[in-house]
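Engineer: okay, sequence plus prediction incoming.
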Amino acid sequence: MVDRTLDADVIILGGGPAGSGLATLLAKDGRRVLILEKDIHPRHHVGEALTPSTTVVFDKLGFLETMEAEGFARKAGVGWTAPKSPAGKFFAVRTSDFPLPGAPRPYSFNVERSALDALLLKHAHLSGARVLQGVNARRVLFENDRAVGVRASITDGWERDLRASVVVDATGRRCLLANQLGLRKRDPDFNQFSLYSWFRNVGPVPEGYEDFLFLHFLGRERAWGWQIPLRNGVFSIGVITDKRDFRRSGRSYGEFFEELVGSSRSFNHVMKGAEQIKPWWVEGDYSYTTNQFAGKGWLLVGDAFRFVDPIFSSGVDVALYSALFAHEALTKMWNGQTEEEAFDAYQSRVGEGVEVWYQLTDLSYRMPLLFTLFIVSRKYRAQLVRVLQGNPYLPETQAKAKEIIEQMWTFYDKTARRDNSVLRPSALGPQPAA
């Protein structure tokens, strides 16, 4: 029975992939859904590379054909280089060599997030969700410890309380509800700093690998760069390192970027004639988690509950699958399961899946050369590639992921901690001064 005293069955705060994805699924079920988005789309966002697993959810949303029609760059695989290797020498994995079970395409996509997010929000609207852009959710309203709505405002001073049975925070790294409830915690082990822009005339790209994303390791701990081909000859190029490296350098953004690019022969080679066409974008202090991401009348989805370093392009994977499982939890609740049981199951499934991404990221920073060793091994190659393709939330995929993570930690404990091991991070090159 519809409660007409409510403004919606579900109010979703934020219209990124997590919010738009969940709204689409709910609206297709006939639920009354309201999205409050503080920005006016399109708006810039980082996270252009997508894992193969995302095509599964895009297909469920009825959105995959839109992506194809828009002509987003197809991502056929990933290559990576070592800092001291000759220019043009790299390791690579082609997605179609190890197709993801159930995936509707043998490839994934690289996207301009401003375009993708705007299209997803429009798709949610066309699916039946109400969308209000330029409306800022100021805080979630609670009565008797239960979320009952949200206080919203627009720039001219208009303010109103909106009410719903469930409030879903999809505000991304703003973490509106997690901050309101004191649940958000910065990750003590990751203090990363990201600097990136768009470029033309990047290359040459090795023949046959034009549609590959390339990662360039940069000869210092926790430092790497990305090279992502987008549409129309444009590349997203960025570097990530420990924030303290930039603070100590005393350099401008451009100078620091050139210094890091120059530490890799391959990266330096492809950037020699590159032309920057956008201003610098800077991200920092972006790794965090929350103690809880489901409660009475509320759920957190996507970056609103946790953000892991982007080395494996896990952001949209987390956004879409948390939306998918939030929809599942809400449906079970409306079909008779208690809210507590449904929401606890959601938190457990999504939380354990994101922890897989975190463990993989931690391992990659502790010993980047180990990933190369496992990837080229006949014993581990297929298993590791399938884990990196995404969706570590289902019991079977999660079990395989945990198995190979355990094997990698065992190898690390036996080998990489030795002072003379070439797998230790410092073996990549000189380290910055303490």
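Structural biologist: Yep, that arrived.
Engineer: the lengthiest helix in the chain: which residues count as buried?
Structural biologist: Longest helix in the chain, counting residues (DSSP state H): helix 339-366. Using 16 or more other Cβ atoms under 10 Å as the test for burial, helix 339-366 gives 339, 342-343, 345-347, 349-351, 353-366. In this view, the C-beta of every residue, glycine as well, is placed from N, C-alpha and C.
Engineer: let me see the mean pLDDT of it.
Structural biologist: Mean per-residue pLDDT for helix 339-366: 94.
Engineer: the very next helix or strand once past that helix relative to helix 339-366, how many degrees between them?
Structural biologist: Where DSSP states H and E defines the elements, the next helix or strand beyond helix 339-366 is helix 368-376. With axes from the mean of the first three to the mean of the last three Cα atoms, to 10 degrees defining the directions, helix 368-376 sits at 100 degrees from helix 339-366.
Engineer: got the buried residues for helix 368-376?
Structural biologist: 368-371, 374-375.
Engineer: closest to residue 103 among these?
Structural biologist: residue 375 (19.7 Å; Cβ to Cβ).
Engineer: ok, longest strand in the protein?
Structural biologist: strand 159-169 (DSSP state E).
Engineer: what packs against whichever helix or strand comes after that one?
Structural biologist: Sequence-wise, the next helix or strand downstream of strand 159-169 (DSSP H and E) is helix 176-180. Identification of packing neighbours for helix 176-180 by 3 or more Cβ pairs under 8 Å, 6 or more residues apart in numbering; DSSP states H and E yields strand 136-143, strand 159-169, strand 298-300.
Engineer: how about residues contacting helix 176-180?
Structural biologist: Helix 176-180 is contacted from outside by 13, 137, 139-140, 147, 167, 169, 171, 183-184, 290, 293, 298, 300, 304-305, using Cβ atoms under 8 Å, 6 or more residues apart in numbering.
Engineer: at which residues are the helices of this protein located?
Structural biologist: Using DSSP H, helices in the chain cover 17-28, 54-61, 64-70, 113-126, 176-180, 243-249, 253-261, 265-271, 315-334, 339-366, 368-376, 381-388, 395-411.
Engineer: got TSV for those, with distance to residue 201 too?
Structural biologist: Conversion of these to TSV gives the following (distance: least, Cβ to Cβ, whole Å):
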stretch	distance to residue 201
helix 17-28	30
helix 54-61	29
helix 64-70	24
helix 113-126	22
helix 176-180	41
helix 243-249	26
helix 253-261	14
helix 265-271	9
helix 315-334	28
helix 339-366	30
helix 368-376	28
helix 381-388	30
helix 395-411	38
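Engineer: closest one to residue 48 among these?
Structural biologist: helix 113-126 (5.9 Å).
Engineer: just checking, what packs against that closest one?
Structural biologist: helix 17-28, strand 33-37, helix 64-70, strand 130-133.
Engineer: now do that helix against helix 54-61, angle only.
Structural biologist: Using the same axes, to 10 degrees: helix 113-126 against helix 54-61 is 30 degrees.
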